[in-house]
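*Asks:* Predicted model and sequence below, questions to follow.
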Amino acid sequence: MFDVEYLDIPPLAKAGGTVRLPGSKSISNRVLLLAALSHGKTTVHDVLVSDDTAVMLAALKQLGCSVQKKGDTVSIEGLGGQLLTKKASLFMGNAGTAMRPLTAALALLGGEFELSGIPRMHERPIGDLVDALRQLGCGIDYLGNEGFPPLRLYPGTLKLDAPIRVRGDVSSQFLTALLMALPLVAVHDIRIEVIGELISRPYIEITLKLLKRFGIDVQREGWERFTIPAGSQYRSPGEIHVEGDASSASYFIALGAIAAPTKGQKGIKILGVGADSIQGDIRFVEAARMMGAHIDSTANSLRISRGKPGEGWPLKAIDLDCNHIPDAAMTLAVMALYAEGTTVLRNIASWRVKETDRIAAMACELRKFGATVEEGADYIRITPPASPSAWATGAIHTYDDHRVAMCFSLAAFNPAQLPVRILDPKCVAKTFPDYFEALFAVTEAENDHIPVICIDGPTASGKGTLAALAAHRLGYHYLDSGALYRLSAFAAAQAGISLDDGDGVAGIARTLPVRFKGEKVFLDGKDVSDAIRTEAAGMAASKVSAHPQVRTALLELQHGFRCLPGLVADGRDMGTVVFPGAQLKIYLTASAEHRAERRYKQLISKGNSATLASIQQDLEARDARDMSRKAAPLKPADDAKLLDNSYLSIENSVDQVIEWWQGSRPF
Ligand SMILES: Nc1ncnc2c1ncn2[C@@H]1O[C@H](COP(=O)(O)OP(=O)(O)OP(=O)(O)O)[C@@H](O)[C@H]1O
Ligand SMILES: Nc1ccn([C@H]2C[C@H](O)[C@@H](COP(=O)(O)O)O2)c(=O)n1
């Protein structure tokens with residue numbers, strides 16, 4: 001996951017490859033709760049591992065459920081409709097799929113509970129569900145504002161004779177919550193009557209299908225009346241698989257529809273969800289086809305490609321009632337940027353009470369790209385920028401809403417080739433923690449659009465420390481090019497090749513079996529991190545680095561580090577030779593005394609013996625060699641910014657680099 005303040009996505013050009021989707025959030029949280037309420041043990045496979053499912057699992061554990069989790073497989077020993085814990089404070093985060101059904105189940109089972117969440121959860125309505133539960137005799141108080149969490153639940157006297165009336169036009173989760181809770185008390189037939197037009201019906205279909213898997217056969221008359229038969233009892237199905245998240249699929253369906261295919265690939269293949277999906281958002285496929293996408297499906301996979309020019313590309317604008325795909329419809333709003341004409345998405349009032357007011361959020365962020373957007377109580381109308389030159393870009397606010405973040409990543413295909421900044425990208429953890437990694441794995445940018453920051457300078461100036469920290473702040477990859485010279489010298493010595501034999505060392509360097517993992521370096525699978533960090537290894541590296549053949553041999557390997565979303569590289573010739581077109585070049589230096597002292601402290605802290613004087617002598621000798629060699633000598637690039645950090649802390653040095661970087665960005 002990109003745990004950074006913002007993520008800059010370079011302009012993207014192409015897409016192709018296979019994406020395996022994480023499990024559906026809606027199915028995962030329903031199944032986890034049903035498993036907890038059932039008799040017997042349920043093993044749930046392919047569960048979504050995310051913030052919202054973590055909230056549900058934590059609550060179930062607090063309620064006395066035995067939960068075993070291994071990767072995306074969760075085994076739950078069901079409570080059989082009996083609570084082991086009758087008193088608890090449960091934190092629901094911003095997970096509506098946990099808050100609503102747990103409120104209903106705990107209110108009916110009795111006990112004293114408090115359910116709260118993050119501030120946005122306390123702005124999301126729950127009054128219609130509370131009203132329905134109060135009709136049943138459940139004890140519920142509002143602890144904050146009337147109609148909103150947090151809630152206090154306490155035992156009441158249940159009255160189950162009269163039909164229960166619940167509103168269906170604000171959130172279908174209220175009905176889902178009742179459908180999942182009422183089988184716990186179905187001593188006789190229990191009827192639910194829906195008031196108002198039921199929105200998001202596909203989610204009710206998911207609920208009914210899953211209830212059936214757990215032994216509850218709800219009878220439905222239209223979408224207005226539901227009956228839970230007397231004697232209903234939850235029974236574990238034993239094993240159950242969660243299908244991939246159809247709402248998450250929408251981003252990759254859209255990707256296939258708007259991106260030119262990468263060489264050798266037939267667009268995007270999505271695994272985990274397909275024509276047999278029980279999720280309503282699978283019907284996003286129909287909307288994407290209407291806009292021009294080519295989509296083939298099997299039972300549990302999809303393949304998407306962009307239409308030919310004039311036959312699906314550019315996309316066609318649509319005017320669509322989106323009641324059946326409320327979450328995935330947000331993706332259509334971004335696809336509208338690539339459509340000819342004005343797209344209207346209707347019947348989306350529920351967007352206003354989701355993680356944020358999604359209509360307002362989408363309108364505000366779409367305008368940053370130059371789109372003309374009109375919003376109404378339950379619709380949004382989007383006209384894209386009139387021409388490539390009318391496109392703009394911006395820093396996208398994500399409102400702690402995972403879907404806003406994921407949708408707007410697709411704006412990086414803009415024809416003006418502008419980068420897009422996603423603020424707080426880690427909000428995708430709610431449903432798809434590795435979304436951006438998955439996106440970058442199947443997208444391509446033109447090579448010179450992938451940003452590179454070069455940090456060159458003499459020995460022990462702090463290049464590595466600075467480069468690694470800057471890379472971490474930006475979510476970029478990091479290249480320690482010095483390690484490659486160290487490894488070449490190390491591997492050559494091990495193979496009995498003289499360090500003076502340029503061709504011999506180059507032969508080794510050309511096929512270095514190297515792997516970086518965090519701060520560790522592996523050569524042919526062996527951890528050599530410490531072995532290549534000695535002063536002697538540094539001197540050996542300096543020697544082999546003077547051979548032009550060795551430098552040429554390592555060039556391709558270094559270029560390979562330039563990957564999405566960007567790179568910070570440190571060394572001696574990053575800005576002058578390896579990445580001459582880099583967007584930012586820094587020449588980092590410090591006085592020889594300061595550098596010797598830093599290296600001295602570094603060596604001593606690792607238990608090595610050294611004297612300050614000998615270290616200073618060694619590093620000056622190494623610098624002299626690196627600066628005087630013919631091939632790619634150490635020197636500042638003509639366009640490098642000079643940074644002397646003799647009296648600058650590490651934090652201030654990083655801040656300076658980030659400030660320079662920000663200054664070069666269009667946000
Ligand atoms: N601004 C700074 N102030 C004080 N100490 C620093 C500063 N920058 C780096 N250091 C410390 O200096 C030591 C050397 O830093 P680092 O290994 O990053 O240098 P380097 O330039 O990459 O060295 P080399 O050329 O040998 O690879 C480390 O212990 C690091 O923590
Ligand atoms: N881009 C680079 C990086 C390193 N070298 C050589 C010269 C250095 O003395 C030696 C070790 O580098 P360090 O790990 O100390 O950064 O490798 C080079 O020539 N070009």
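*Replies:* Good, I have the coordinates. Ligands and ions are numbered 1, 2, ... in the order given.
*Asks:* And ligand 2, is the helix ranked longest in the chain touching that?
*Replies:* The residue-count maximum for a helix in the chain (DSSP state H) belongs to helix 612-628. Yes - for helix 612-628 and ligand 2, the contact criterion (Cβ under 6 Å from any ligand atom) is met by 622, 626. From N, CA and C alone the C-beta is placed, and that goes for glycine too.
*Asks:* next helix or strand past that helix?
*Replies:* Counting by DSSP states H and E, the element after helix 612-628 in chain order, helix or strand, is strand 641-644.
*Asks:* buried stuff in that next one?
*Replies:* Leu643 (16 or more other Cβ atoms under 10 Å).
*Asks:* Sheet partners, orientation included, of that strand?
*Replies:* Using DSSP bridges, the strands paired with strand 641-644 are strand 584-589 (parallel).
*Asks:* what is the rounded mean pLDDT of the longest helix of the chain?
*Replies:* Here helix 612-628 scores 95 as its mean pLDDT.
*Asks:* Report the distance from that helix to the chain centre.
*Replies:* Helix 612-628 has its C-alpha centroid displaced from the chain centroid by 45 Å (Cα atoms, centre = their mean, to the nearest Å).
*Asks:* Kindly report the same for stretch 87-101.
*Replies:* The answer for stretch 87-101 is 22 Å, by Cα atoms, centre = their mean.
*Asks:* for that stretch, how far is the first residue from the last?
*Replies:* This stretch, stretch 87-101, spans 17 Å end to end (Cα to Cα, to the nearest Å).
*Asks:* Give the buried residues for it.
*Replies:* 88, 90-101.
*Asks:* Residue of the stretch 301-450 of the chain closest to ligand 2, please.
*Replies:* Ile450 (18.9 Å; Cβ to the nearest ligand atom).
*Asks:* Could you do the stretch 101-250 of the chain as well?
*Replies:* Ser248 (40.5 Å).
*Asks:* Ramachandran angles for Ile455?
*Replies:* Main-chain torsions, Ile455, degrees, to the nearest 10: phi -130, psi 110.
*Asks:* swap in Asp319?
*Replies:* Residue torsions, per degrees, to the nearest 10, at Asp319 are phi -130, psi 110.
*Asks:* bridging residues for it?
*Replies:* With DSSP bridges as the rule, Asp319 is bridged to Val344.
*Asks:* For it, give me its contacts.
*Replies:* 343-344, 346 (Cβ atoms under 8 Å, 6 or more residues apart in numbering).
*Asks:* Given the strand or helix carrying Arg303, what are its sheet partners and their directions?
*Replies:* Using DSSP H and E, Arg303 maps to strand 301-305. Each strand that pairs with strand 301-305, with its direction, by DSSP bridges: strand 268-271 (antiparallel), strand 294-298 (antiparallel).
*Asks:* Packed most tightly, which of these would that be?
*Replies:* Across the strands paired with strand 301-305, averaging neighbours per residue (mean count of other Cβ atoms under 10 Å) puts strand 268-271 on top, at a mean of 23.
*Asks:* and it, how far out from the chain's middle?
*Replies:* 17 Å.
*Asks:* Flag every buried residue along the helix or strand following that strand.
*Replies:* The helix or strand immediately downstream of strand 268-271 is helix 284-291, counting by DSSP H and E. Neighbour-count burial for helix 284-291, counted by 16+ other Cβ under 10 Å, picks out 284-285, 287-289, 291.
*Asks:* From the rest of the structure, what touches helix 284-291?
*Replies:* By Cβ under 8 Å, 6+ apart, helix 284-291 touches 246-247, 249-250, 253-254, 257, 295, 297, 302, 304, 315-318, 320, 322, 325, 328-329, 331-332, 335, 339.
*Asks:* same thing but 6 Å
*Replies:* 250, 253, 257, 295, 315-316, 318, 320, 325, 328, 332, 335 (Cβ atoms under 6 Å, 6 or more residues apart in numbering).
*Asks:* Where is pLDDT lowest across the residues you listed?
*Replies:* Within the contacts of helix 284-291, pLDDT is lowest for Ile325, at 93.
*Asks:* Could you verify my assumption that that one touches Arg283?
*Replies:* Yes - look at Ile325 against Arg283 with Cβ atoms under 6 Å: they come within range, at 5.4 Å.
*Asks:* which of the two has more neighbours?
*Replies:* For the pair Ile325 and Arg283, the greater number of neighbours falls to Ile325 (28 against 16), based on other Cβ atoms under 10 Å.
*Asks:* ok, the more buried one - contacts?
*Replies:* Ile325 neighbours (Cβ under 6 Å, 6+ apart): 281, 283-284.
*Asks:* repeat that for 8 Å
*Replies:* Ile325 touches 202, 280-281, 283-284, 287, counting by Cβ under 8 Å, 6+ apart.
*Asks:* for Asn300, same thing?
*Replies:* 243-244, 271-274, 276-277.
*Asks:* let's see it at 10 Å
*Replies:* Counting by Cβ atoms under 10 Å, 6 or more residues apart in numbering, Asn300 touches 21, 243-244, 270-277.
*Asks:* Can you give me the domain assignment for the chain?
*Replies:* Per the record, the chain has its domains at 6-22+244-447, 25-241, 450-482+516-522+550-663, by automatic domain parsing.
*Asks:* hang on, the earlier thing: report the backbone C-alpha coordinates of the strand holding Arg303 in CSV.
*Replies:* The C-alpha trace of strand 301-305 is given here as CSV (Å, rounded to 0.1, in the frame of the first residue of the first chain):
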residue,chain,number,x,y,z
SER,A,301,-13.3,-13.6,-15.7
LEU,A,302,-13.5,-10.6,-18.0
ARG,A,303,-11.4,-9.4,-20.9
ILE,A,304,-11.6,-5.7,-21.8
SER,A,305,-10.1,-3.8,-24.8
